[in-house]
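1. Any chance you can model this:
(chains A, B, C and D)
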There are 2 protein chains.
Amino acid sequence: MARVSPDLSFLVDKASESLAVRMTAALADLGLTARQYCVLDKASAGDRTQGQIAEEALLDKTTMVTTLDGLERAGLARRVPSPTDRRARLVATTDAGEALVEKAAAVIQDLYDEVLGVLGPEREALVDGLFRLVGPGGPLAVDADAARPRRSSRA
Amino acid sequence: MARVSPDLSFLVDKASESLAVRMTAALADLGLTARQYCVLDKASAGDRTQGQIAEEALLDKTTMVTTLDGLERAGLARRVPSPTDRRARLVATTDAGEALVEKAAAVIQDLYDEVLGVLGPEREALVDGLFRLVGPGGPLAVDADAARPRRSSRA
DNA sequence: TATTGTTATACTCTATAACTATA
DNA sequence: TATAGTTATAGAGTATAACAATA
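-> Purely as a prediction, here's the structure:
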């Protein structure tokens, strides 16, 4: 949104938005939202509770509920009681869910390859650079606490 | 939100979000929102109507209205009748607005320098790479038409 | 008493539609 | 008839708070 040159904020915002649009479209062909894919992917990795997946995916637990509702309705995931904590539920992928996650991962990988492909050998530099900004210790590291801004901006 | 590796979407989303948080905080010290700064900056460039600024800033015209209301209340901008079209209004910055825009631009430049500084000489490569993705003809170019997704995602 | 997941609700942000005045 | 700006309203998305079951 800013107007300094070279406008880092603009570049990064547009990249984020455009990529989201592309991913949304690509996943929509498979009947998935980006968030559903994200949750399904983490669920397919192993025994995780709703809360754990919510934390990994940076989702509110209430958002997690509706996302899982959707995945269950679609027959892609199931909530199964945790054997160790009767309050908690593990998220299990169904066979259909597992198959779809793999298909979706391939679709996304193709998309990334297409996008980054235009950079040629500098492709690595961009990804590395972004990781250095966003990763642990970087100036744009997402520190889980200070995360949510929550202020009303008023115009 | 995705989980492919290296996860371009995650990197870019987090960079965008973190930078927005930093910019919001930095500008809040000056009493500005990012959007107000963006509009004020474009207004300071010369004779532009609300509609023209809205288009440049990728804002809806109704969002423009409330943003300008805020800027006028704060004494940073004024709406002046267009001499050539009595329907239109030009956005003029006040002296206070002009001074604040300059201060804000410096604050943001400092922030960018701080963030990009950690990359050292690869700084250019990152910015260039992002521009190649997002800029005209790039795989993530924002084409003004297909811009808004507007679909209900349902879980 | 604290925590997992659920429900219901409120809030923020932004777009849509309808309107006025000009062109 | 179309456009600039305004107003009022509705929609999507997400968080907050209160609750039930269990730890």
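
2. alpha carbons only for contacts and neighbour counts from here, please
-> OK.

3. On the three-state scheme, the most centrally placed residue in chain A is what?
-> Nearest to the geometric centre of chain A sits A:C38, at 4.6 Å (Cα atoms, centre = their mean). Secondary structure for A:C38, judged by DSSP: H, G, I helix; E, B strand; the rest coil, is helix.

4. surely it meets A:A57?
-> Yes. A:C38 is in contact with A:A57 according to Cα atoms under 8 Å; the separation is 7.1 Å.

5. where do the helices sit along chain A?
-> For chain A, the helices defined by DSSP state H occupy A:8-28, A:34-44, A:50-56, A:61-73, A:95-117, A:123-134.

6. okay, the ones you listed, which one's buried deepest?
-> Scoring the helices of chain A by mean neighbour count under mean count of other Cα atoms under 10 Å in any protein chain shown gives helix A:34-44 as the most buried, with a mean of 23.

7. what's that helix in contact with?
-> A:23-24, A:27, A:53-54, A:57, A:67-68, A:70-71, A:76-77, A:91-93, A:97-98, A:101, A:104, B:1-3, B:155 (Cα atoms under 8 Å, 6 or more residues apart in numbering or on different chains).

8. and if you look at stretch A:50-58?
-> By Cα under 8 Å, 6+ apart, stretch A:50-58 touches A:38-39, A:42-43, A:60-61, A:64, A:88-91, B:1.

9. and of these, the nearest to A:S9?
-> B:M1 (19.2 Å; Cα to Cα).

10. could the helices of chain A go into TSV alongside mean pLDDT?
-> Converted to TSV, these look like this (pLDDT from 0 to 100):
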stretch	mean pLDDT
helix A:8-28	92
helix A:34-44	96
helix A:50-56	95
helix A:61-73	96
helix A:95-117	97
helix A:123-134	94
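
11. Of all the ones you listed, which one comes closest to DNA strand C?
-> helix A:50-56 (3.3 Å; Cα to the nearest atom of the strand).

12. how about that closest one, does it reach DNA strand C?
-> Yes. Using Cα under 7 Å from any atom of the strand, helix A:50-56 reaches DNA strand C at A:50-52.

13. Looking at the residues you listed, spot the one nearest DNA strand D.
-> A:G51 (13.0 Å).

14. and the gap between the closest one and A:R89?
-> 9 Å (Cα to Cα, to the nearest Å).

15. Ok, A:R48 next?
-> Distance from A:R48 to A:R89, by Cα to Cα: 8 Å.

16. Now do the contacts for A:K14.
-> B:134, B:140-142.

17. Including distance to DNA strand C, could those go into TSV?
-> Output for these, formatted as TSV (distance: Cα to the nearest atom of the strand, whole Å):
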residue	distance to DNA strand C
B:V134	19
B:L140	19
B:A141	18
B:V142	14
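
18. Also within reach of chain A: list those from the residues you listed.
-> B:134, B:140-142 (Cα under 8 Å from any Cα of the partner chain).

19. How many neighbouring residues does A:P83 have?
-> 10 (other Cα atoms under 10 Å in any protein chain shown).

20. Would you confirm that A:G135 contacts A:A141?
-> Yes. Proximity of A:G135 to A:A141 meets the contact threshold set by Cα under 8 Å, at 5.4 Å.

21. Enumerate the residues of chain A near DNA strand D.
-> A:59-60, A:62-63, A:84-87, A:148, A:150.

22. now, the most widely separated pair of the residues you listed?
-> Going by Cα to Cα, the pair spanning those furthest: A:T84 and A:R150, at 35.3 Å.

23. and which of the ones next to chain A among the contacts of A:K14 is nearest A:E122?
-> B:V134 (15.2 Å).

24. wait, that closest one sits on B:A141?
-> Yes. Between B:V134 and B:A141 there is a contact at 4.4 Å, judged by Cα under 8 Å.

25. Which residues are in contact with A:R132?
-> So A:R132 contacts A:138, B:118-119 (Cα under 8 Å, 6+ apart).

26. Quickly check: stretch A:82-91 near DNA strand C or not.
-> Yes. Against DNA strand C, stretch A:82-91 shows contacts by Cα under 7 Å from any atom of the strand at A:87-90.

27. Show the buried residues in those residues.
-> A:88-90 (16 or more other Cα atoms under 10 Å in any protein chain shown).
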